[in-house]
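*Asks:* Here is a sequence together with a model predicted from it:
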Amino acid sequence: MQPLRVGFAGLVALAALATWLLIAGPARVLGVDAGNAGVVLLMAAGWGSLYAISRMPDDGLGETMSRGEWRAWLGLAFTLVIAAYSIAHAGVFQGPPLPHNPDANRVGRNVVMLLAAWLILAHVLDARGRDRVQRDERDREIEARGAGAARLALVVILVGYALLLSFSPTERLDWAVPPLLGHLLVVALVVSCAFEYLVIGIGYWRDRR
């Protein structure tokens, strides 16, 4: 298991570099857009994690974390990075309309690519796990709690949006242009997914303890 631990440490370092490039890195690195480079590196870290998990023996995997827990923690990492990136670059959506706003188009494209990468990764991980381990009542109970947490988080965020827009003076709502509001709705969905993965991961962790 030692080589796998070293590999996972390398993947964590790669994911940290990708997160830095996406959120706080320079505009360009070696002539390449830092956001695009961060997306590629994060996708590589995700697929590398999937490969490492698939190489772990069943007895070793069972002694550490189930595939459901692996999926939850990977999902939490992906959604937190996507949410942080979306919030950090939300200001670009206050610019010109989207057809004439290349910065907003670039950020939106990166968000879509990250979401698509995670959906594909999660599907592959589910497909591989389905061949080896059957979901039991414990899995369904933990997933149900996660889904409930996601719904609650989404309701709270949307109610917060509604209260902010309803009770703010009109002269202070210059920032609330349609592209930004649409972007914030996407952020709300991503954050609710992060809460779901967090609750599922904690549920598996507590059960394992």
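*Replies:* Noted; the coordinates are in hand.
*Asks:* which residues in the protein form helices?
*Replies:* Assigned by DSSP state H, the helices in the chain fall at 2-23, 34-55, 58-64, 67-88, 102-130, 137-167, 178-208.
*Asks:* a markdown table please, covering these and showing mean neighbour count and mean pLDDT.
*Replies:* Glycine gets a C-beta too; all of them are placed from N, C-alpha and C. Shown next, in a markdown table, are those (neighbours: other CB atoms under 10 Å; pLDDT from 0 to 100):
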| stretch | mean neighbour count | mean pLDDT |
| --- | --- | --- |
| helix 2-23 | 15 | 73 |
| helix 34-55 | 19 | 75 |
| helix 58-64 | 12 | 52 |
| helix 67-88 | 21 | 88 |
| helix 102-130 | 16 | 81 |
| helix 137-167 | 14 | 92 |
| helix 178-208 | 18 | 92 |
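*Asks:* Columns distance to Q94 on top of the ones you listed, output as a markdown table?
*Replies:* As requested, those are exported to a markdown table (distance: least, CB to CB, whole Å):
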| stretch | distance to Q94 |
| --- | --- |
| helix 2-23 | 19 |
| helix 34-55 | 18 |
| helix 58-64 | 45 |
| helix 67-88 | 13 |
| helix 102-130 | 9 |
| helix 137-167 | 15 |
| helix 178-208 | 5 |
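*Asks:* closest one to G95 among those helices?
*Replies:* Closest to G95 of the helices of the chain, according to CB to CB: helix 102-130, at 6.3 Å.
*Asks:* Now for the closest residue to L154 other than its chain neighbours: which residues touch it?
*Replies:* In space, and not counting its chain neighbours, L154 is closest to S192: 3.9 Å by CB to CB, 6 or more residues apart in numbering. Contacts for S192 (CB atoms under 8 Å, 6 or more residues apart in numbering) come out as A150, R151, A153, L154, I157.
*Asks:* what sits against A188?
*Replies:* L154, I157, L158, Y161.
*Asks:* Try it again at 10 Å.
*Replies:* Contacts for A188 (CB atoms under 10 Å, 6 or more residues apart in numbering) come out as A83, A153, L154, V155, V156, I157, L158, G160, Y161.
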